[in-house]
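K.L.:
sequence plus predicted model, see below.
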Amino acid sequence: MRVLIDTSIWSLALRRAEHVQNPEALELRRLITTHVAEIIGPIRQEVLSGVRDQSQFDRLESHLAAFPDLPLLTEDYVTAAKFFNLCRSRGIQGSNTDFLICAVAVRHDFAVFTTDRDFPLFTKCLPVVLHEIKRTAEQTPARYRRSRAKP
């Protein structure tokens, strides 16, 4: 399955110090090397927005240049508005860009890779699939592991 990479993941991978490794950055690298990573223009804009240092901006722009933007259709914007309205009617808030990401992912049958905590809420009422990192037991943070000890 192809994966639409959200701003939060690009930022973790590209804006942090290169020596810092995190599971999301490693997974992004895997998705890139297997040629399943996708981006849309609004995500590219979010990643590049707010970068004060011109050399960092140029570096980010250069990294992202390898990924062409998926074309957006009028249908995507209409679907995003429908998603916004549906979620809002159920008390779930999100940004216009988040709902556009959902609309594009649904149209293309892509998963969304994000650390944005709103997306799991969206899946309660939208047909959005989230990409999850497959972790071994050793990679899973201790707070998420079930105790195997018997009482």
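P.N.:
Looks like it arrived, so ask away. Residues are numbered from 1 along each chain as shown.

K.L.:
name the element F119 belongs to?
P.N.:
Assigned by DSSP states H and E, F119 belongs to helix 118-122.

K.L.:
after that helix comes which helix or strand?
P.N.:
Taking DSSP H and E, what comes next after helix 118-122 is strand 129-130.

K.L.:
give me the mean pLDDT for that next one.
P.N.:
Mean per-residue pLDDT for strand 129-130: 98.

K.L.:
where does the protein dip in pLDDT?
P.N.:
Applying pLDDT under 70 to the chain flags residues 16-20, 135-151.

K.L.:
output the longest helix belonging to it.
P.N.:
In the chain, with assignment by DSSP state H, the single longest helix is helix 74-89.

K.L.:
same for that one, what does it pack against?
P.N.:
helix 96-108, helix 118-122 (3 or more Cβ pairs under 8 Å, 6 or more residues apart in numbering; DSSP states H and E). C-beta: built from backbone N, CA, C; applies to glycine.

K.L.:
helices or strands up against the helix holding F119?
P.N.:
Applying 3+ Cβ pairs under 8 Å, 6+ apart, one finds that helix 118-122 makes contact with helix 74-89, helix 96-108.
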